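S.K.: Sequence first, predicted model second:
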Amino acid sequence: MPSTEKKTVDNKVRKFVDNVLEEHGYDAYTVKVVREKKIKNQLNEEKVRRWMIKIINPIKDEVIGKTKYQTYDIAIDFHPAPTKLIFKTYIKSSDLMAKRKAKKIEAMIKDYIKAEQLDQLIDGEPYKIIVRSRDNKELN
């Protein structure tokens, strides 16, 4: 939307609000027009901050570099939904036990999320745990 069109829309909204407030006897006020896209971006920023600080950081502290998890990094992908927690492992995709190891890692991570009550912070939002091999193939 070009800026002149945005200004026209903003002015129409302001006039509408002015009229409604005037009808109800209000004369001293300030009208601020906020576009939905900005609000959506703020919500996305809050979501990213919540996931990174309250969920990913504790998981990272517990999981990354620990022998039993065989992980060296974690990534998060929000788009497309559901949110994906991607655990990068030292496991080779050619390992005959790779899938079994990945399922075990996934189960341990789910158990940790429940034990630390991180699932309450996730607040019912759908997410998926992905375990990747050293050569970047999905194992689970």
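M.R.: The structure has been received and is ready for your questions.

S.K.: where do the helices sit along the chain?
M.R.: Secondary structure of the chain (DSSP state H): helices at 3-23, 36-49, 57-63, 98-115, 118-122.

S.K.: Need the mean per-residue confidence for the longest one.
M.R.: The average pLDDT for helix 3-23 rounds to 79.

S.K.: ok, back up a step: so for Lys137, which of the helices of the chain sits nearest?
M.R.: helix 98-115 (8.6 Å; C-beta to C-beta). Every C-beta, even on glycine, is put in place using the N, C-alpha and C of the backbone.

S.K.: Which other helices and strands does that closest one contact?
M.R.: Packing contacts for helix 98-115, counted by 3 or more C-beta pairs under 8 Å, 6 or more residues apart in numbering; DSSP states H and E, involve helix 57-63, strand 83-89, helix 118-122, strand 127-132.

S.K.: What are the buried residues along the third one?
M.R.: Buried positions in helix 118-122, judged by neighbour count with 16 or more other C-beta atoms under 10 Å: Ile122.

S.K.: Need the residue closest to the centroid of this protein.
M.R.: Val48 (4.5 Å; C-alpha atoms, centre = their mean).

S.K.: Surely it touches Asp77?
M.R.: No - counting by C-beta atoms under 8 Å, Val48 sits too far from Asp77 to count as a contact (11.3 Å).

S.K.: From the opening residue of stretch 88-97 to its closing one, how far?
M.R.: 16 Å (C-alpha to C-alpha, to the nearest Å).

S.K.: same deal with stretch 26-46?
M.R.: Stretch 26-46 end-to-end distance (C-alpha to C-alpha) = 34 Å.
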